[in-house]
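[1] Got a predicted structure plus its sequence, pasted below:
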Amino acid sequence: MYQYLLHFLLLLLLATPALASTQLLSDSLAVQNFIDEMVRQHKFKKPKLQAVFRQTRLHQSILDAISRPAEAKPWFEYRPIFITADRTAGGIQFWDKYQHELEKARKTYGVPEEIIIAIIGVETRYGRHAGRYPVLDALSTLAFAYPPRSKFFRKELAEYLLMTREEGLVPGKQLGSYAGAMGMPQFIPSSFRRYAVDFDQDGKRDIWQTAADAIGSVGNYFKRHHWKSGQPIASPVKVHGQEYKRLLGKELKPRYSQQQLLDNGVILPKGLPPDLKGTLLELEGAEGPEYWVGWHNFYVISRYNHSALYSMAVFQLSELISQGKNRKIAATKP
């Protein structure tokens, strides 16, 4: 009897993750209320939405992943994830391959090639790792089974259904990240609806397979968030005394004038535009604190992902890509 009980418990333990990863959501009262809301507010056909959600599943692995974001790491552990020789070389290759599209985006939106490339590099390794979850499953899992951010993901789920209707896409067929981010630049559905562009003018906004649309969409995103062409992004600085600590905080929006920074013990580089405001950052380096001032364009990068670590990784990767591209150009000159 004991052996049979032990065998049953073992089977139950082994089966539990699989069951959780394929649990249907369609019987949930919250899902049914959501369907009714979409029908009432956006004129969806109820039978069609019910059919869609009958194929939608909850994934325990999504709930596990969102509970351990990379941005929770200290800078000295986060940086090596994205600042690598392989990712830098991949960025230079991406620039070589899509030079025309990147130059067009720079001229159209005022955003440097290396910034667009670095975003796509950090997000998906230039499109190679754009996500394996059905976007519908990811958003539904987080909307109905992750209370800390259910309101946000419920809104994104609505945006996704509107997006697929507008774009003529099958809701259950699109793949993305565990958080429902899509394509080479990992746009969430609301960002897709607002900022994605048909940059190659073929009648579709395809950020999954069409690099031109991904490039143009990132450029448009940054322009719409007020990227300022030709301005610096971030500067490494030194600090002295104790007053600088009053300027440290989690707010990335630049609010201190250069004089305020200087008056509080921050040593700034020369030659900055006089009216530029910044925010003081302290990052946890491997050999102690690193101090940086993030300027307006650093804040613009953070609109993509509200993390100082993310913005710094994009900035530093863009610098390495630009340097590598310039060395390659110089090497080809007679």
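    Perfect, I can see it now. Numbers count the residues shown, from 1 in each chain.

[2] By mean pLDDT, which helix or strand of the protein comes out lowest?
    Ranked by mean pLDDT, DSSP states H and E, the weakest helix or strand in the chain is helix 2-21, scoring a mean of 35.

[3] Tell me where the model's unsure across the stretch 1-150 of the chain.
    Along the stretch 1-150 of the chain, segments meeting pLDDT under 70 span 1-24, 26.

[4] Okay, strands next: where are they in it?
    23-24, 57-58, 133-134 (DSSP state E, counting those that start in this stretch).

[5] Can you list the strands that the second one pairs with?
    The reference is to strand 57-58. Using DSSP bridges, the strands paired with strand 57-58 are strand 23-24 (antiparallel).

[6] Touching the helix ranked longest in the chain from outside, list them.
    The helix spanning the most residues in the chain, taking DSSP state H as the definition, is helix 308-332. By C-beta atoms under 8 Å, 6 or more residues apart in numbering, the surrounding residues in contact with helix 308-332 are 71, 73, 75, 78-79, 81-83, 87-89, 91-92, 95, 112-115, 117-119, 121-122, 233-234, 252, 281, 283, 292, 294, 298-299, 301-302, 304-305. Placement of C-beta: from N, CA and C, glycine included.

[7] pLDDT of it, averaged?
    On average, the pLDDT along helix 308-332 is 95.

[8] any idea how far that helix is from the chain center?
    How far helix 308-332 lies from its chain's middle: 19 Å, per C-alpha atoms, centre = their mean, to the nearest Å.

[9] Equivalent analysis for stretch 178-188, please.
    Centre-to-centre, stretch 178-188 and its host chain are 7 Å apart (C-alpha atoms, centre = their mean).

[10] List the contacts of it.
    59, 61-62, 65-66, 119-120, 123-124, 126-127, 130-131, 133, 135, 138-139, 142, 153, 156-157, 159-160, 174-177, 189, 192, 195-196, 206-208, 211, 214, 217-218, 221.

[11] Can you turn the buried part of these into a PyMOL selection?
    Applying 16 or more other C-beta atoms under 10 Å to those, the buried members can be selected in PyMOL as follows:
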select buried, resi 59+62+66+119+120+123+124+126+127+130+131+133+135+138+139+142+153+156+157+159+160+174+175+176+177+189+192+195+196+206+207+208+211+214+217+218+221
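
[12] In helices, which of the contacts of stretch 178-188 fall?
    Among those, DSSP H puts 61-62, 65-66, 119-120, 123-124, 135, 138-139, 142, 153, 156-157, 159-160, 189, 192, 195, 211, 214, 217-218, 221 in helices.

[13] what residues are up against the spatially closest residue to residue 321 that is not a sequence neighbour?
    Nearest residue to residue 321 in three dimensions, chain neighbours excluded: residue 91, at 3.8 Å (C-beta to C-beta, 6 or more residues apart in numbering). With contacts taken as C-beta under 8 Å, 6+ apart, residue 91 has the following neighbours: 114, 117, 118, 121, 126, 317, 320, 321, 324.

[14] now do 7 Å
    By C-beta atoms under 7 Å, 6 or more residues apart in numbering, the residues touching residue 91 are 117, 118, 121, 317, 321.

[15] Count the neighbours of the fourth one for me.
    It refers to residue 317. Residues within reach of residue 317, counting by other C-beta atoms under 10 Å, total 24.

[16] The last one too?
    Summarising burial for residue 321: neighbours were counted as other C-beta under 10 Å, giving 25.

[17] Ok, the third one next?
    When neighbours are defined as other C-beta under 10 Å, residue 121 has 27 of them.

[18] show me where the stretch 151-300 of the chain has helices.
    Under the criterion DSSP state H, counting those that start in this stretch, helices of the stretch 151-300 of the chain are mapped to 189-195, 211-224, 258-263, 296-302.

[19] Leaving out the residues flanking it, which one is nearest to residue 106?
    Spatial nearest neighbour of residue 106, chain neighbours left out: residue 113 (5.7 Å); criterion: C-beta to C-beta, 6+ apart.

[20] What distance do you get for the one you found to residue 299?
    Going from residue 113 to residue 299 by C-beta to C-beta, to the nearest Å gives 21 Å.

[21] now do residue 48
    Distance, residue 48 to residue 299, by C-beta to C-beta: 42 Å.

[22] and these two? which has more neighbours close in?
    residue 299 (23 against 13).

[23] Test my guess that that one contacts residue 234.
    No. In this structure residue 299 lies outside contact range of residue 234 using C-beta atoms under 7 Å: 10.0 Å.

[24] what's residue 244 in contact with, if anything?
    Residues counted as contacts of residue 244 (C-beta under 7 Å, 6+ apart) are 264, 265, 266, 280.

[25] My read is that the second one contacts residue 241, right?
    Yes. Contact criterion C-beta under 7 Å: residue 265 and residue 241 qualify, at 4.0 Å.

[26] Which of these two has more residues huddled nearby?
    More neighbours surround residue 265 than the other of residue 265 and residue 241, with 18 against 9 (other C-beta under 10 Å).

[27] got a pLDDT number for the more buried one?
    Residue 265 is given a pLDDT of 97.

[28] For it, give me its contacts.
    With contact taken as C-beta under 7 Å, 6+ apart, residue 265 is in contact with 239, 240, 241, 243, 244.

[29] what's the most distant pair in the contacts of residue 244?
    Pairwise distances across those peak at 9.8 Å for 265 and 280 (criterion: C-beta to C-beta).
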